[in-house]
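Chemist: what would the 3D arrangement of this be:
(one chain, ligands or ions: 2)
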Amino acid sequence: MKVTVVGAGAVGASCAEYIAIKDFASEVVILDIKEGFAEGKAMDLMQTASLNGFDTKITGSTNDYSKTAGSDVCVITSGIPRKPGMTREELIGINAGIVKMVSANLIEHSPNTIIIVVSNPMDTMTYLVHKTTNLPKNRIIGMGGALDSARFKYRLAEALGAPISDVDGMVIGGHSDKGMVPLIGKAVRNSVVVSEFLSEERMEQVVQDTKVGGATLTGLLGTSAWYAPGAAVSAMVQAIACDTKKIFPCSALLDGEFGLNDLSIGVPCVLGANGIEKIVEISLTDAEKAKLSESAVGVKATNGLLEL
Ligand SMILES: NC(=O)C1=CN([C@@H]2O[C@H](COP(=O)(O)OP(=O)(O)OC[C@H]3O[C@@H](n4cnc5c(N)ncnc54)[C@H](O)[C@@H]3O)[C@@H](O)[C@H]2O)C=CC1
Ligand SMILES: O=C([O-])CC(=O)C(=O)O
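Modeler: Ligands and ions are numbered 1, 2, ... in the order given. This is a model prediction of the structure:
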């Protein structure tokens, strides 16, 4: 399994590190436009191999896509992150051009690859890759829901005073401060719905804290987060590499599922060797459906800013 990560910045390097530490890929290529940067990150990571006990070979490349040839999975993290006070949507002007160029270069050298889009605004960048390449739709996947769900579980565990391993929950919808739909009514602590333990007010607090998870970290760090984003991507790459068929909420191109069309938005997906192997149309309450539809309106408005 060969994996390419474009963007050797905070998220790209974290993603490469987690993939290596999990030791399921034979090779990871990191590519960046900044001279020597990816080579430096790759060398630094390789010098952790004997300490962390992995055999994955990590190499770096300054914008030479021939080094990425034959990649099974390519992750796109290239582009600018937001600063405190900004929305993800404000990044579209710069990131759309980068994502379009990077995806074309990747596919030229790895025509059978699966692409995972991370750059923000992620749902719109994923839609852009669908619209501007000819990869089948199961091979273009946006990463947002895996991260948002991990943050949801963190907030649920905090509210419940429970270990994170005892809670489960999922966030669907757009990967934006307003558009996320944490499915609080379906969240459980060891199979018991969390409403058995938490008041309406506390559950609403969990939902709100989850939705602004990225913005909260951007305020604290001065730039957006990287550890949980990198871990979320690596978990998705592992599901594909090891053909696990795990369900992650992913930004998938919809064609009637959940009553939505012609956009990429977060919905539960089975991930395996073929990328998105199935979109799982779980039943939603009327309130959940209304929130997902409202979220879709927001994503479509951002998509409308693309020059396609
Ligand atoms: N979908 C999600 O859940 C998340 C998305 N993000 C997004 O990921 C992106 C990257 O974030 P960070 O790693 O924190 O930023 P960063 O600034 O640390 O790294 C971005 C890297 O991309 C490189 N780059 C820029 N243009 C390039 C090009 N044309 N070709 C190759 N490399 C290029 C830069 O040189 C830089 O090293 C941002 O757009 C951010 O908003 C970040 C966290 C989570
Ligand atoms: O908040 C951001 O801009 C980066 C991101 O998507 C996240 O961490 O969820």
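Chemist: and the contacts of stretch 222-234?
Modeler: 9-19, 22, 75, 77, 81-84, 116, 118, 143, 146-147, 150-151, 214, 217-218 (Cβ atoms under 8 Å, 6 or more residues apart in numbering). Glycine gets a C-beta too; all of them are placed from N, C-alpha and C.
Chemist: number of residues surrounding residue 72?
Modeler: For residue 72, the neighbour count with other Cβ atoms under 10 Å is 19.
Chemist: wait, it sits on residue 116?
Modeler: No - between residue 72 and residue 116 there is no contact under Cβ atoms under 8 Å: 11.4 Å.
Chemist: quick one on the thing from earlier: buried subset of the contacts of stretch 222-234, written for ChimeraX?
Modeler: Applying 16 or more other Cβ atoms under 10 Å to the contacts of stretch 222-234, the buried members can be selected in ChimeraX as follows:
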select :9,10,11,12,13,14,15,16,17,18,19,22,75,77,81,82,116,118,143,146,147,150,151,214,217,218
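Chemist: quick check: which of the contacts of stretch 222-234 are also close to ligand 1?
Modeler: 9, 10, 11, 12, 77, 81, 82, 118, 143, 147 (Cβ under 6 Å from any ligand atom).
Chemist: out of those, name the ones that lie in helices.
Modeler: 10, 11, 12, 147 (DSSP state H).
Chemist: got a list of what the third one touches?
Modeler: Contact analysis of residue 12 by Cβ under 8 Å, 6+ apart lists 5, 6, 30, 32, 41, 75, 77, 78, 230.
Chemist: tell me the spacing between it and ligand 2.
Modeler: Using Cβ to the nearest ligand atom, to the nearest Å, residue 12 is found at 13 Å from ligand 2.
Chemist: gap between that residue and residue 45?
Modeler: Residue 12 is 11 Å from residue 45, where distance means Cβ to Cβ, to the nearest Å.
Chemist: closest to residue 176 out of the ones in helices among the ones next to ligand 1 among the contacts of stretch 222-234?
Modeler: The nearest member of those to residue 176, counting by Cβ to Cβ, is residue 147 at 12.6 Å.
Chemist: please name the nearest non-neighbouring residue to the closest one.
Modeler: Distance criterion Cβ to Cβ, 6 or more residues apart in numbering; nearest residue to residue 147, sequence neighbours excluded, is residue 232 at 4.0 Å.
Chemist: quick one: the one you found is in a helix?
Modeler: Yes - the assignment for residue 232 is a helix, going by DSSP: H, G, I helix; E, B strand; the rest coil.
Chemist: now it: how far from ligand 1?
Modeler: On the measure of Cβ to the nearest ligand atom, residue 232 and ligand 1 end up 7 Å apart.
Chemist: cool, thanks, signing off.
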